[in-house]
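In: I would like to see how this sequence folds:
(chains A and B)
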Amino acid sequence: MTAVDGRDIWTDAMSPVLSLRQVSKVYGSGATAVPALREADLVVDAGELVAIMGPSGSGKSTLLTIAGTIEEPTSGEVYVCGADVAALSADAQARLRRRSIGFVFQDLNLLAGLSAAENVALPLELDGVRARVARVAAMRLLDELGLADRAGYFPDDLSGGERQRVAIARAVIGERRLLLADEPTGALDSTNGEAVIRLLRSACRRGVAGVLVTHDAQLASWADRVVFIRDGRIVDQTGPATGPEALLAQDVI
Amino acid sequence: MSVRHALLALLTEGSKYGLQLRQEFEARTGEVWPLNVGQVYTTLQRLEREGHVESHENERDGAQKRFRITAAGERELDRWLRTPPSAAPPPRDELVIKVQVALRLPGVDVRDILQVHRRHLVEEMQRYTHLKAEAAADDVGLGLVVDAELFRLEAVVHWLDAADVRLRRLPAVPPVPAGADGTRRAPRHQPAKPAPARTAGSRS
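Out: Model prediction:
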């Protein structure tokens, strides 16, 4: 990946990439107030993929948009790459979002008028990186994802699986440190879905912190840790990973 | 899982030793289904009695017996491949019983019971998925076995999710008359306490 000029001074390599402390979110007020998230604590380190699992309406997407600094919490603190998000100016928040956070949503938001390579290069160009440099970085990523021959295609000419891989390339380009994904395999068949989650997982293996929001147990099971959310509250999480030996110890025949 | 037919299938590739059959069986199921030596030899003896395999001692290898599939064995394998597996459910599902019991017990939060089982299932799924994630992409044998286990476990998680939705439709506190000793039953599903999740202050 290509280095982005001007590293952010608040970036602290030692602190967790994402830290939510007692984060609550209430929509509306008074009698019509709807609590979406209640006192959520969550810490995600570099290299870790965490899945947030819960039914629809449980608050998992709210948690993700707050972690992505798209929404502000009603109370509680959000730290991204060591920075207290509430203490940043709107400009600094936008810069943090552009440089450090990658988003993958179910509706991919690829721009129809741009080619696959232009879509992938877009975040770098928006951040002031020269078009040529951004394009080289995009091509290298597309090549890694097996999409080199699709670089010039427009989104409408790509298959669903290819579009999703382009969206992931766009999410990880540059030096993003936090990858946020909301049902990233939503409309894909199981083979393409598995390819997509393998990409997210390998991005985390390279040192990115990943948060994956899903209601799908199979998708969640790719994560290092699964956090369960119910009625806006984090109620449980899986234990530390055990190796496959644990399976062999059982009589599974 | 029919070990008998798996062994017959391995023998269609040529005659093999018992130990070799065990190794090949385990390798092709991604070592997710271990097989003990005793099980292999008992199964081979039974197949031999039925006339589906025959064995011969190999002078050069001393005591080791080689096994070979017979024509009857090949017919049996073909018949088995085309026979639908038994779809009859097990007579009683233990998890269903546990949840039914939890519903009737005073002071038990059923949704917490559902969550405990959901976590166990997802942890089990994580172990299988990680096995698949570390395996070579072309390891079809492992992929098939692991996917089968994952879909089976996922179905149970779906059942738990559906049970959660059913419980949500119940009135929050069922009108329970005071007992003879004046005690009241606790509500069936009060909001769960936050889990001892890893927080900012207690990172490992």
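In: assign residue A:234 to helix, strand or coil.
Out: Following DSSP: H, G, I helix; E, B strand; the rest coil, residue A:234 is assigned to strand.
In: next, count neighbours for the residue in the stretch 151-253 of chain A positioned nearest to chain B.
Out: Evaluated by CB to the nearest CB, the stretch 151-253 of chain A has residue A:221 as its residue closest to chain B, separated by 3.7 Å. To be clear about C-beta, it is placed using only N, CA and C from the backbone, and glycine gets the same treatment. Other residues within reach of residue A:221, judged by other CB atoms under 10 Å in any protein chain shown, total 28.
In: can you tell me the element the residue nearest to the spatial centre of chain B falls in?
Out: Nearest residue to the geometric centre of chain B (CA atoms, centre = their mean): residue B:149, 5.7 Å. Assigned by DSSP states H and E, residue B:149 falls within helix B:140-168.
In: packing partners of that helix?
Out: With contacts taken as 3 or more CB pairs under 8 Å, 6 or more residues apart in numbering or on different chains; DSSP states H and E, helix B:140-168 sits against helix A:217-220, helix B:94-104, helix B:110-134.
In: how does it look with 6 Å?
Out: When contacts are defined as 3 or more CB pairs under 6 Å, 6 or more residues apart in numbering or on different chains; DSSP states H and E, helix B:140-168 sits against helix A:217-220, helix B:110-134.
In: so for the first one, what's the average pLDDT?
Out: Helix A:217-220 shows a mean pLDDT of 94 in the predicted model.
In: what's that helix in contact with?
Out: A:51, A:53, A:185, A:214, A:226, B:122, B:125, B:150, B:154, B:157 (CB atoms under 6 Å, 6 or more residues apart in numbering or on different chains).
In: how many residues are close by the closest residue in space to residue B:66 that isn't next to it in sequence?
Out: Counting by CB to CB, 6 or more residues apart in numbering or on different chains, residue B:66 lies nearest to residue B:15, which is 4.7 Å off, once chain neighbours are set aside. Per other CB under 10 Å, the neighbour tally for residue B:15 reads 16.
In: for residue B:15, give me phi and psi.
Out: phi -70, psi 150 (degrees, to the nearest 10).
In: I'd say it and residue B:65 touch.
Out: No - counting by CB atoms under 6 Å, residue B:15 stays clear of residue B:65, with 9.9 Å between them.
In: if we can go back for a sec, out of the helices and strands packed on helix B:140-168, deepest packed?
Out: Burial of the helices and strands packed on helix B:140-168 is given as mean neighbour count (mean count of other CB atoms under 10 Å in any protein chain shown); helix A:217-220 ranks first at a mean of 25.
In: just the CA atoms of it, as CSV, please.
Out: Extracted as CSV, the C-alpha positions of helix A:217-220 are listed here (Å, rounded to 0.1, in the frame of the first residue of the first chain):
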residue,chain,number,x,y,z
ALA,A,217,-23.6,-16.6,12.6
GLN,A,218,-21.5,-18.1,9.8
LEU,A,219,-20.1,-14.7,8.8
ALA,A,220,-19.5,-13.8,12.5
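In: contacts only, for the residue lying closest to the residue of the stretch 151-253 of chain A closest to chain B once chain neighbours are set aside.
Out: Nearest non-adjacent residue to residue A:221, counting by CB to CB, 6+ apart: residue B:125, 3.7 Å away. Listed by CB under 6 Å, 6+ apart, the contact set of residue B:125 reads A:217, A:221, B:150, B:153.
In: if we use 8 Å, what do you get?
Out: A:217, A:218, A:220, A:221, B:150, B:153, B:154, B:157 (CB atoms under 8 Å, 6 or more residues apart in numbering or on different chains).
In: wait, which of the residues you listed is closest to residue A:123?
Out: The shortest gap between residue A:123 and any of the contacts of residue B:125 belongs to residue A:220, at 27.0 Å (CB to CB).
In: which residue, other than its chain neighbours, is closest to that closest one?
Out: In space, residue A:220 is closest to residue A:51, 3.9 Å off (CB to CB, 6+ apart).
In: assign a three-state SS to the one you found, would you?
Out: With three-state DSSP as the criterion, residue A:51 reads strand.
In: cool, residue A:175 as well?
Out: Here residue A:175 is recorded as coil under three-state DSSP.
In: got the domain ranges for chain B?
Out: B:3-82, B:94-175+B:185-192 (automatic domain parsing).
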